[in-house]
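[1] Below are the sequence and a predicted model for it; my questions follow.
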Amino acid sequence: MKITALRSDKIYEEIIQAAPDEKLELYRERMMRPFLNKWNIQQIPFRSSEPNGFDVIMMNNFMNIAPSDITSEISEPLAAISSEAFWQQCHEAVTASLSTFVQDGIELSVSEYLYTILLGDKNSPTLQMNEGICGDGGIPGYIIANLSPDAYTLPRMQSVLAHECNHNVRYQHIQWDPHVTLGEMIVSEGLAESFATALYGEDLLGPWVAKTNMETLNNVIKPKMKDQLHVTGFDQINPYLFGDELAKMQNFTPVGMPYAAGYACGYHLIQYYLNKTGIPITKATITPASVILAETKEFWNEDTLFHR
């Protein structure tokens, strides 16, 4: 198994020194091109054929520092991700996460992994909702974490990488369906966060779970979500998964859901499943959502108590 870090800190330093008219293409080539296969799978154009059209740069700028803003003014957040110790911690998180599956006898069909850490735009509404940290690991072999470095986000870096590694492993075993259901999405997110807490503890729960209290989960989220697990299409799924605020930003119809409702619900659903069955999180990770949902029907009608 080969695990490679794309040292974004070195690339940011290079772009800082570049002329203003060179920054965008330098960022595209140095930071985005190594993930070209991922963008192709996700059907995100590497370079738009139209001026200001959607491509990897526009997608990047939704949450991360834009190439044009990579100047000496980002020196403070850049310093936070530039130490050898920081990258060693990241490498240990990715290595430990993937090795946990191998040690439990779960085969990984992907042998090479590339990961990086991108500096988030602290003014991005999406990143602000996530308390300055999030990740992307759904395409096997590729892991990206995004953060605005501070006292809250930096201690959660390893946990977020573990979360994304879990997605990486799941979708080596579960065939991605273009008509993916809400049920699969909440199971997937619940598995990923449960795996992260199994490795790094519930004290480092991501905000997508920690910000939901049990009253909201039991009285708002579960009653509305339990009959929608079959829905497909991101216009239908995203409002339940991410909540109304992000749904409005994406021009989707709100459904009365708080922030990251599907993530919080998925986490507690998987905790229920693991406690009921005794199945280890590694094996649960490669279990079809239909099996997990069939085993957890009682979850939807019982009050969940946070078990920390």
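    In hand now; what should we look at?
[2] Check the chain and tell me which residue is nearest its centre.
    Closest to where the C-alpha atoms of the chain average out (CA atoms, centre = their mean) is residue 135, at 3.4 Å.
[3] which intervals of the chain have sub-threshold pLDDT?
    Within the chain, the stretches with pLDDT under 70 are 306-308.
[4] What residue spans form the domains of it?
    Residue ranges for the domains of the chain, per automatic domain parsing: 1-173, 176-308.
[5] could you measure residue 258 against residue 84, distance?
    40 Å (CB to CB, to the nearest Å). For every residue, glycine as well, the C-beta is placed using N, CA and C.
[6] So if I had to pick from the two, which one is more boxed in?
    The residue with more neighbours, out of residue 258 and residue 84, is residue 258; 17 against 7, by other CB atoms under 10 Å.
[7] Could you check which helix or strand contains the more buried one?
    Here residue 258, judged by DSSP states H and E, is contained in no helix and no strand.
[8] Distance-wise, check the nearest residue to it once chain neighbours are set aside relative to residue 27.
    Ranked by CB to CB, 6 or more residues apart in numbering and with sequence neighbours excluded, the top spatial neighbour of residue 258 is residue 243, at 5.2 Å. To residue 27, residue 243 is 30 Å away according to CB to CB.
[9] just residue 107 next, same as before
    If you measure residue 107 against residue 27 using CB to CB, the figure is 36 Å.
[10] Those two - which one has more neighbours?
    Counted by other CB under 10 Å, residue 107 and residue 27 do not tie: residue 27 has more neighbours, with 25 against 10.
[11] pretty sure the more buried one is touching residue 67, no?
    Yes. Judged on CB atoms under 8 Å, residue 27 makes contact with residue 67 at a distance of 3.8 Å.
[12] Check the contact lists of these two and give me the overlap.
    15, 57 (CB atoms under 8 Å, 6 or more residues apart in numbering).
[13] Which of the helices or strands spans the residue lying closest to residue 42 once chain neighbours are set aside?
    Counting by CB to CB, 6+ apart, residue 139 is the residue found nearest to residue 42 once chain neighbours are left out, at 6.6 Å. Using DSSP H and E, residue 139 sits in no helix or strand.
[14] How many residues are close by residue 139?
    Other residues close to residue 139 by other CB under 10 Å number 20.
[15] And residue 147, by the same measure?
    Applying other CB under 10 Å, we find 27 other residues in the vicinity of residue 147.
[16] Now do the phi/psi pair for it.
    phi -150, psi 150 (degrees, to the nearest 10).
[17] does it really touch residue 159, like I thought?
    No. Using CB under 8 Å, residue 147 makes no contact with residue 159, being 11.6 Å away.
[18] Can you show me the strands along the chain?
    Using DSSP state E, the strands found in the chain span residues 2-5, 112-119, 133-136, 142-147.
[19] now the ones you listed in CSV, with distance to residue 254?
    What follows is the strands of the chain, written out as CSV (distance: least, CB to CB, whole Å):
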stretch, distance to residue 254
strand 2-5, 39
strand 112-119, 29
strand 133-136, 21
strand 142-147, 25
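[20] and among those, the most buried is which?
    strand 142-147 (a mean of 26; mean count of other CB atoms under 10 Å).
[21] Just checking: what are the partner strands of it?
    Strands adjacent to strand 142-147 in the sheet, as given by DSSP bridges, are strand 112-119 (parallel), strand 133-136 (antiparallel).
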